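Asker: output the structure for:
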Amino acid sequence: MTELLFFLYFAVMTIVSSVLTVGLRSPVYCALALLSTLLHVAGLFVLLHAEFVAALQVIVYAGAVLVLYIFVIMLLDLKTVEKFLHKQVGIAIFFGVVLIFEILIGLFQSPLFSSAPKVIAQAEAPIGNTAEVGIALFTKYLLPFEIVGIILLGAVIGALVLAKKVPAS
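Answerer: All right, here's what the predicted structure looks like:
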């Protein structure tokens, strides 16, 4: 029962923060709402017993990609949008409500609410744990991993060069 409550919390908060990501006026607040969305999706992964995927979600998306978005917002010096786009927010709210209803319908049709006897599944061995992923990453895929690191370093240097302000003569 507690898993169901956690699932409902993470699902509803993911949808609400997604709607806020689309509907807020300030780009920085939109980025914070996106952070909330990504963290709640990571919570859903934890409920699915995919802790490694949840950790990647937090590290890669909530950590690296969101920081990149905030850097772009700061570099472009985006101002708050003056007109609030009611049509887009209304559409986003509509789809959010539809998703919530679909989740609730799926839950009530799940075996949790049926009166049939529950069959306990036998535990299976985990198929891809973190140690195996780490070993594969640093043996078989070491060269592509290092190439991606060099490409990202070049992107950071390029962003710094583009952001540097030339002093007025």
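Asker: C-terminal to the element among helices and strands of the chain having the smallest mean pLDDT, what's the next element?
Answerer: Within the chain, no helix or strand scores below helix 86-108, which has a mean of 68 by mean pLDDT, DSSP states H and E. The helix or strand immediately downstream of helix 86-108 is helix 130-138, counting by DSSP states H and E.
Asker: would you mind writing the CA trace of the very next helix or strand once past that following helix as CSV?
Answerer: The helix or strand immediately downstream of helix 130-138 is helix 142-163, counting by DSSP H and E. What follows is helix 142-163 as a C-alpha-only set of coordinates in CSV (Å, rounded to 0.1, in the frame of the first residue of the first chain):
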residue,chain,number,x,y,z
LEU,A,142,36.7,3.1,-22.6
LEU,A,143,37.7,4.8,-25.9
PRO,A,144,34.1,6.1,-26.7
PHE,A,145,33.8,7.2,-23.1
GLU,A,146,37.0,9.3,-23.3
ILE,A,147,36.0,10.7,-26.7
VAL,A,148,32.7,11.9,-25.3
GLY,A,149,34.6,13.5,-22.4
ILE,A,150,36.9,15.4,-24.8
ILE,A,151,33.9,16.5,-26.9
LEU,A,152,32.2,17.9,-23.8
LEU,A,153,35.3,19.6,-22.7
GLY,A,154,35.5,21.3,-26.2
ALA,A,155,31.8,22.4,-25.8
VAL,A,156,32.5,24.0,-22.4
ILE,A,157,35.6,25.8,-23.8
GLY,A,158,33.5,27.0,-26.8
ALA,A,159,30.7,28.2,-24.5
LEU,A,160,33.3,30.2,-22.5
VAL,A,161,34.8,31.7,-25.6
LEU,A,162,31.3,32.7,-26.9
ALA,A,163,30.3,34.1,-23.5
